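# no sequence on hand, only this structure:
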């Protein structure tokens, strides 16, 4: 039986396969190579020629890397976003690219709501003051009748709207596509969304139309009491201009699960700011979602290898 070489770079798949050895195929040699965040072009270019299949995270599978992948038949992406993969060129080279769309819908929507509640009821600030031996009584906000603006009305945006409606929130959304929805959710222009929203949550994917979409000219349209939440991709927000807006009180607060460059540099100004909550690109990370994605990603690999 011919041996097949597979590269696995995503750390959650490494532990999953070690714990579920029965899912391995006897004719596959699995190589586990992980990085702190992702493998870059330089590292991948040196090794990719050896492999028939890949399970990856946000590794840099650009044109230069794919050119050197002489044996590669399939790239199975762990998760949803494939902006780190040159899919067009991969398809040209007859390399199949799979992902797991919709896998993290509930997990990411849950985190977005958690961020909104944290801002509205000042949970973060209260905890911080209590640890200083203070006993604060901050006045928060009820979500009822507050307006939630959602940028990107795909699976996550729609799920978030469903949860927010239970809190009595008004839902408006911006999307580049015309979307049919019920009367409880209204599609508006991007300017209108920034002007009217009390909370804005970014749920769109990263593509040429969304990169650097959220910048100062739109942040200036927001109410001074409004807040921004990003559970999508870092480069959608111009980070320097967001920092400017937070420092000058142009907007109230920000909750960020993603950043322009990850992990955050120690000198990043966001680390010293009090009007933001930072998370480590971890909105997807619920046990239920991870287990489902592990299995689906592995099945996509085997499908691409025709085994």
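Good, I have the coordinates. No experiment lies behind these values; they were computed from the predicted model shown. Numbers count the residues shown, from 1 in each chain.
# contact partners for residue 189?
For residue 189, the contacting residues are residue 174, by C-beta atoms under 8 Å, 6 or more residues apart in numbering. From N, CA and C alone the C-beta is placed, and that goes for glycine too.
# how much space between it and residue 75?
37 Å (C-beta to C-beta, to the nearest Å).
# quickly list the domain ranges of this protein.
With domains defined by automatic domain parsing, the chain comprises 4-101+288-304, 105-278.
# distance from the chain centre to the first one, please.
If you compare the mean C-alpha spot of domain 4-101+288-304 with that of the full chain, they lie 18 Å apart, counting by C-alpha atoms, centre = their mean, to the nearest Å.
# for it, what is the average pLDDT?
Mean pLDDT, domain 4-101+288-304: 95.
# correct me, but residue 124 touches residue 115?
No: assessed by C-beta atoms under 8 Å, residue 124 is found out of contact with residue 115, at 9.7 Å.
# mutual contacts of the two, please.
residue 277.
# look at those two and report which has more neighbours.
For residue 124 and residue 115, the more surrounded residue by other C-beta atoms under 10 Å is residue 115, and the numbers stand at 26 against 17.
# who's in contact with that one?
201, 229, 231, 255, 277.
# quick check, it in a strand?
No: Residue 115 is assigned helix when assessed by DSSP: H, G, I helix; E, B strand; the rest coil, not a strand.
# what score does it have for pLDDT?
If you check residue 115, the pLDDT there is 98.
# swap in residue 242?
According to the prediction, residue 242 has pLDDT 98.
# which helix or strand contains it?
Element membership for residue 242 (DSSP states H and E) is helix 239-247.
# if we ignore the residues flanking it in sequence, what's nearest the spatially most central residue of the chain?
The chain has residue 232 as the residue nearest its centroid, 3.8 Å off, counting by C-alpha atoms, centre = their mean. Closest residue in space to residue 232, ignoring its immediate chain neighbours: residue 202 at 4.6 Å, by C-beta to C-beta, 6 or more residues apart in numbering.
# ok, and the closest non-adjacent residue to residue 104?
Closest residue in space to residue 104, ignoring its immediate chain neighbours: residue 284 at 4.0 Å, by C-beta to C-beta, 6+ apart.
# so that neighbour: helix, strand or coil?
Per three-state DSSP, residue 284 ends up coil.
# quick one: the strands in this structure?
4-8, 28-32, 53-56, 74-77, 96-98, 147-151, 170-174, 185-187, 199-202, 227-230, 253-256, 276-278 (DSSP state E).
# now tabulate those strands in CSV and tack on mean neighbour count.
Below are the strands of the chain laid out as CSV (neighbours: other C-beta atoms under 10 Å):
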stretch, mean neighbour count
strand 4-8, 21
strand 28-32, 15
strand 53-56, 26
strand 74-77, 25
strand 96-98, 19
strand 147-151, 25
strand 170-174, 21
strand 185-187, 17
strand 199-202, 27
strand 227-230, 27
strand 253-256, 23
strand 276-278, 18
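# redo these as TSV? Include distance to residue 62.
Output for these, formatted as TSV (distance: least, C-beta to C-beta, whole Å):
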stretch	distance to residue 62
strand 4-8	16
strand 28-32	21
strand 53-56	12
strand 74-77	12
strand 96-98	13
strand 147-151	27
strand 170-174	30
strand 185-187	35
strand 199-202	25
strand 227-230	24
strand 253-256	26
strand 276-278	28
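# which of the ones you listed sits closest to residue 67?
Judged by C-beta to C-beta, the one of the strands of the chain that comes nearest to residue 67 is strand 74-77, at 13.8 Å.
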